[in-house]
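Sequence below, structure please.
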Amino acid sequence: MILHHIQTSTSHDNALRLCLRYISPGDSIILTADAVNVLLYPDLINLLAAIPVYILKDEVEARGLRSKLTNIRNIEINLIDDYEFVNQTLRHSKVITW
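Got it, this is the predicted structure:
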């Protein structure tokens with residue numbers, strides 16, 4: 001089980017799309033920093049449908065994207081705090097930062 005940590009905006013690089021090419025069953029994705037902007041792109045949200053997705057709550061709040069979460073229906077997004085981020089890194093056997 002790998003936790004894929006995405007930090008960069010999808011409008012600036014292809015880290016998320018590259019990660020999705022290599023993701024395996026049982027893996028998870030955590031979005032931090034500018035990567036939370038994925039909430040602005042419904043086409044990218046659809047690509048995440050079969051993968052557990054975690055997003056830092058503070059990052060969503062800081063960017064004013066909380067209302068975007070109410071429009072997302074096809075995937076489960078888990079808003080987490082820093083403490084749960086650390087727990088996720090411990091639950092997975094490896095963390096890859098893209």
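
going forward, measure contacts between C-alpha atoms and count neighbours the same way
Fine.

Run through who's touching stretch 69-85.
Residues from elsewhere that reach stretch 69-85 (Cα atoms under 8 Å, 6 or more residues apart in numbering): 39, 45-46, 48-50, 52-58.

List the buried residues in it.
The neighbour-count criterion (16 or more other Cα atoms under 10 Å) identifies I77, L79, I80, F85 as the buried residues of stretch 69-85.

Next, L31: phi, psi?
Listed backbone geometry of L31 is phi -110, psi 130, with angles given as degrees, to the nearest 10.

Which residue ranges of the protein form strands?
Taking DSSP state E as the criterion, the chain carries its strands at 2-6, 28-31, 53-56, 77-80, 94-97.

What are the buried residues along stretch 3-13?
L3, H4, H5, I6, Q7, T8, S9, T10.

The second one pairs with what?
Put plainly, it is H4. For H4, the residues forming beta bridges with it (DSSP bridges) are I29, I96.

Could you double-check that it lies in contact with S93?
No. Because the distance of 11.1 Å does not satisfy Cα atoms under 8 Å, H4 is recorded as not touching S93.

from the contacts of stretch 69-85, which two are the most distant?
By the measure Cα to Cα, A50 and D58 form the most distant pair in these, at 24.1 Å.

Between those two, tell me which one has more neighbours.
D58 (16 against 12; other Cα atoms under 10 Å).

Now L65. Nearest residue, chain neighbours left out?
By the measure of Cα to Cα, 6 or more residues apart in numbering, the closest residue to L65 outside its immediate chain neighbours is L39, 7.3 Å from it.

I figured the one you found was touching G64, is that so?
No. Between L39 and G64 there is no contact under Cα under 8 Å: 10.8 Å.

first to last residue in stretch 91-98, what's the distance?
In terms of Cα to Cα, to the nearest Å, the two terminal residues of stretch 91-98 are separated by 19 Å.

All set now, cheers.
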